[in-house]
Every structure is written in structure tokens, then in C-alpha cells.
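Q: A structural model of the following input is requested.
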Amino acid sequence: MRCLKNTALLLILNSLYVMAYAQNKTRDVEYTKQLSNFINLYYNNKISSDSQAQNLFQTSLDSVPQDFDEYQKQVHLARCNYFYGMYVMGEYDFSGIQNIKSINDKDNESQNLESETKAKKELAATYFDKAISYAEKALAIHAGSDAYLIMAMSISSNCTVKKTSYVIGNGLKVASLSKKALALDAKNASACYYQYAQDLYAPEFFANYKRGYQKMYDFLNNSELTFETFDRFNFMTAIGYSFYKRKDFKTAIEWYQKALEIYPQNSSVQKMLKTLSN
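A: You can find the predicted model right below:
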């Protein structure tokens, strides 16, 4: 009888330990210092040449900690390829997707752009595809919040550079994958953002600016969430964009100015502020 009680007590203590660990953990794959440096330089427009970007990319790839297991390594590689794809793509602007005329329009969104721009988008897509491939390898090992998330991020960015048919076939996966990420880590701010980004950046006939704003505002002010530096920037620019779409330009300017406090040299925000000020 005593043995059974001791066993039950051990099981209870173990369950409490697991619950405490789950509540205190930050994320299942930490960003390396090298990759964080690359990301922050990208967002702040401090990468002055392609060769510098390539060096930062390679340094990030090589910065896999020795204690990373195979799942963590695949997520890390997925992130590196995703953010390099973001650099290749250029300014981070989801709003371009709204140029889609109708659900039946399956032409390449960039077909009327200069060939150089089209080539840049195609090259960026190769890195987003690589990121998705690495994320799939990670998820084949086990389900993990950050693997689901980086897949959602990569599909989301692919929607800005690939054909409209890709958007129609894959766009809704972003929120679904983010929801899976949140089921495993409810404190993941990035996953919160990508679950509702489509409310703001999807084509007009899918967008819900009021709900998108409210969700982004609530998440940004949730002290329990785990934020990367770029997360706060993304939330602020999303909120600014929601006010822009609702013609409240004064409030939009206020939020874009807040975003510039994080990345003062971000050219997308600077251009948006210039547009709103005219």
C-alpha cells in the first residue's frame, strides 16, 4: 500500500514539474545571437551590400549551438533561409497581395514588373521554399511550436512573391499553422501575430481590419507573451496599417512612429510615413 502511495506521489510531483517547465520555458528553439544580429540589421536597413548579407547569412547558418538536437537544427536552418529570403525580397510589405483583382485572377502578380524585380521575387521564393522544407523535416522528428511557426511565416512570405494560385491554395494555412504553434506554446507572440495577420494583409474581400487591429493591440499589450524585437515592430506596423486602411491617417502615423523607435532606419515605415504626411 505504501509503495502505491509513493508511486502516486512521484507521478503527481513529476506532473507538477512538467507543468512548471511548460509555463517557464521561452520557446522550443532559441534564436542564436548571430541570427538575431542578421534579423535586426535587416529590419533596420543596415545591410549595405549583397556580399554583407551573404556573409551574415552564412554566419547565421554556421551558428548552430552544439547542444541543439536535430529538430532544433532544422528549425534554425529554416529561420536562416527565411530571413535571407526576406532580405532578397526587399522591403517587407504584405500589402502588395491586395493587388489581386479577384478570386479567379491567377496571373503572376509580378508579371508586369521589371524583369529584375520578378527575378528577385523568384529568388526569394527559393529560400522560402527551403525554409518550408527544413520546417517539414523538423516536424517529421516531432511536432514543435517553432517548426509550425517558421512554416507559417515562410508560406506567408511566399504568398507575396508567388502566383495568385499559390495564395489561394496556401494562404489559409498560415493561420492554421500558427494555431498549432500556439497550442504547443501559448506565449509565442510571433504565432499570435501570424494567426491574425491575414485580417489586415489579405486581399480586400478577406480582410477584417477592425478585428485585426483589436487582436494585434491586445497581443502587443499582453505581458505574458514572449516577444522577439522584431515581433513588437511587426505588431506596431500592423496596427498602423489597420488605421491606414480605415482612413485614420493621424493615428496610423502615430503607430508607424512608434515602430520607428525600434528600427529607426526601416525604409518601409519611412516611406509609409512620407505617404501619410502628404
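
Q: which helix of this structure spans the most residues?
A: helix 115-141 (DSSP state H).

Q: tell me which other helices or strands that helix touches.
A: Judged by 3 or more Cβ pairs under 8 Å, 6 or more residues apart in numbering; DSSP states H and E, helix 115-141 is in contact with helix 70-89, helix 145-161. Bear in mind the C-beta positions are built from the backbone N, C-alpha and C, glycine included.

Q: what sits closest to residue 167 if chain neighbours are left out?
A: Nearest residue to residue 167, sequence neighbours excluded (Cβ to Cβ, 6 or more residues apart in numbering): residue 159, at 4.6 Å.

Q: didn't that neighbour look like it was pressed against residue 168?
A: No. With contact defined as Cβ atoms under 8 Å, residue 159 does not count as touching residue 168 (9.5 Å).

Q: of those two, who's got more company?
A: The neighbour count for residue 159 versus residue 168, taken as other Cβ atoms under 10 Å, is higher for residue 159 (26 against 16).

Q: any stretches of the stretch 101-250 of the chain with poor pLDDT?
A: For the stretch 101-250 of the chain, residues meeting the criterion pLDDT under 70 lie at 101-114.

Q: let's see it at 80
A: 101-117, 202-206 (pLDDT under 80).

Q: any idea how far the closest residue to residue 259 other than its chain neighbours is from residue 154?
A: Nearest in space to residue 259, with sequence neighbours left out and distances taken as Cβ to Cβ, 6+ apart, is residue 236 at 4.0 Å. Distance, residue 236 to residue 154, using Cβ to Cβ, to the nearest Å: 22 Å.

Q: just residue 190 next, same as before
A: 12 Å.

Q: helices or strands up against the helix or strand where residue 195 lies?
A: Using DSSP states H and E, residue 195 falls within helix 189-196. Where contact means 3+ Cβ pairs under 8 Å, 6+ apart, helix 189-196 is packed against helix 145-161, helix 173-184, helix 209-220, helix 229-245.

Q: burial count for residue 47?
A: 17.

Q: repeat for the one 3 residues further on
A: Counted with other Cβ under 10 Å, the burial measure for residue 50 works out to 10 neighbours.

Q: ok, now the one 4 residues further on?
A: By the other Cβ under 10 Å criterion, the neighbourhood of residue 54 contains 13 residues.

Q: would you quantify the distance from it to residue 153?
A: For residue 54, the distance to residue 153 - Cβ to Cβ - is 21 Å.

Q: what does residue 127 give?
A: 12 Å.

Q: and for those two, which residues touch both?
A: With contacts defined as Cβ atoms under 8 Å, 6 or more residues apart in numbering, the residues shared by residue 127 and residue 153 are residue 82.

Q: of those two, which one has the most company?
A: Using other Cβ under 10 Å as the criterion, residue 127 and residue 153 rank with residue 153 on top: 28 against 23.

Q: that one: what's it in contact with?
A: Here residue 153 is in contact with 82, 131, 190, 194 (Cβ under 8 Å, 6+ apart).

Q: who are the neighbours in contact with the residue nearest to the first one when sequence neighbours are not counted?
A: In this structure, residue 82 finds its nearest non-sequential neighbour in residue 131, 4.0 Å apart by Cβ to Cβ, 6+ apart. Under the criterion of Cβ under 8 Å, 6+ apart, the contact list for residue 131 reads 78, 79, 81, 82, 85, 150, 151, 153, 154.

Q: let me have these in TSV, adding distance to residue 135 as columns.
A: Shown next, in TSV, are the contacts of residue 131 (distance: Cβ to Cβ, whole Å):
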residue	distance to residue 135
78	5
79	9
81	10
82	9
85	13
150	5
151	4
153	9
154	7
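
Q: buried sites along stretch 142-156?
A: Buried residues in stretch 142-156, defined by neighbour count with 16 or more other Cβ atoms under 10 Å: 144-156.

Q: just the element for residue 54, please.
A: Applying DSSP H and E, one finds residue 54 within helix 50-61.
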